[in-house]
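3D model of this:
(one chain, ligands or ions: 1)
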Amino acid sequence: MTNGYELLVEPTPTECAETAAGLIIEALAGSSTPVLGVATGLTPLPTYAELTARSFDVSHLQLVLLDEYIGLPADSEASFRAAVRRLLAEPLGLPPERVHAPPHEGAPTPETCAQFEAHLGALGGIDLQLLGIGRNGHIGFNEPGSALDSRTRVVELTAETIEDNAAPFAAARFVPRRACTQGIATILGARQLLLLATGRHKAEILRTALLGPVTPDVPASAIRLHPRAVVIADRAAAHLLRTGDDDVRARGR
Ligand code: PGA
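Residues are numbered from 1 along each chain as shown. Down below sits the predicted model:
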């Protein structure tokens with residue numbers, strides 16, 4: 001049984017970012033232990049630019065990454081920690097210790113993964129988890145086939161994901177083959193989910209995730225199991241959603 005979701009369709013990625021930043025700031029303002037779950041990739045970049053341009057209380061803000069590569073040197077600029085520090089933590093004036101990531105050094109074990117989950121609990125839980133959607137429907141590095149009850153764990157990346165993530169590396173062959181990701185059940189543990197999708201290349205998978213069955217084959221479909229999931233899409237990504245469907249509560253402009 002699904003809970004549905006709220007779909008907001010905006011004309012362009014810029015308006016998506018403005019709406020997303022507003023929702024994020026509202027969610028964090030309601031928390032005495034504000035924790036923002038952050039995503040990497042291209043989609044959230046305008047949202048991060050918008051957030052860093054706004055003024056809101058970051059005095060207690062903690063950032064938690066969805067996933068991280070395994071095996072990169074600690075000072076690699078291609079790591080997701082480095083990206084989040086550069087794009088969000090430093091502009092907001094947050095020290096590096098307020099950026100938390102799944103275990104990624106050496107060989108993460110079920111024990112270190114469980115410690116990460118316990119650490120999330122100790123932070124007070126994630127108030128809002130920002131998500132992108134991969135062309136294959138992944139969220140975090142939960143590739144198709146990931147169990148809906150999966151938790152933080154080590155995963156092998158698919159060839160498609162390696163190719164899609166090659167930009168910060170000299171070539172796709174330098175992209176690590178393994179990563180540690182929050183599981184689907186971990187993601188569903190956040191108090192609110194905000195999935196962002198922009199561009200025509202996301203239209204097909206967005207339709208599958210939102211209107212097809214909820215299935216491990218399309219990890220993003222799992223957001224429909226969450227009681228508070230919001231999807232913000234630009235018109236290009238939303239163009240295959242018949243927003244008049246009962247299944248889709250659109251509040252587009
Ligand atoms: P993208 O990646 O934002 O670069 O399209 C999305 C994802 O892989 O989650």
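
how about the residues of the stretch 51-200 of the chain near the ligand?
By Cβ under 6 Å from any ligand atom, the residues of the stretch 51-200 of the chain that approach the ligand are 132, 133, 134. In this view, the C-beta of every residue, glycine as well, is placed from N, C-alpha and C.

5 Å - rerun?
132, 134 (Cβ under 5 Å from any ligand atom).

Quick check, the residue in the stretch 51-200 of the chain closest to the ligand?
residue 132 (3.2 Å; Cβ to the nearest ligand atom).

got a list of what that residue touches?
Residue 132 makes contact with 39, 40, 41, 42, 43, 44, 139, 195, 196, 197, according to Cβ atoms under 8 Å, 6 or more residues apart in numbering.

quick one: which of those residues has the most company?
Comparing the contacts of residue 132 by number of neighbours (other Cβ atoms under 10 Å), residue 139 comes first, having 28 neighbours.

got a list of what it touches?
Going by Cβ under 8 Å, 6+ apart, residue 139 touches 66, 131, 132, 133, 184, 187, 195, 219, 220, 222, 223.

Out of these, which end up buried?
Among those, those classed as buried by 16 or more other Cβ atoms under 10 Å are 66, 131, 132, 133, 184, 187, 195, 219, 220, 222, 223.

Can you report phi and psi for the first one?
Think residue 66. When read as degrees, to the nearest 10, the backbone of residue 66 gives phi -70, psi -40.

Identify the residue spatially nearest to residue 87, adjacent ones excluded.
In this structure, residue 87 finds its nearest non-sequential neighbour in residue 48, 4.6 Å apart by Cβ to Cβ, 6 or more residues apart in numbering.

Secondary structure element holding that neighbour?
helix 45-53 (DSSP states H and E).

Could you give the separation of stretch 120-134 from the chain centroid?
The chain centroid and the centroid of stretch 120-134 are separated by 8 Å, computed with Cα atoms, centre = their mean, to the nearest Å.

Do me a favour and average the pLDDT over that stretch.
In this model, stretch 120-134 has a mean pLDDT of 97.

Repeat that for stretch 227-244.
Stretch 227-244 comes out at a mean pLDDT of 92.

Would you state the strands of the protein in chain order?
6-10, 35-38, 62-65, 67-69, 99-100, 128-131, 153-156, 178-181, 193-197, 229-234, 249-250 (DSSP state E).
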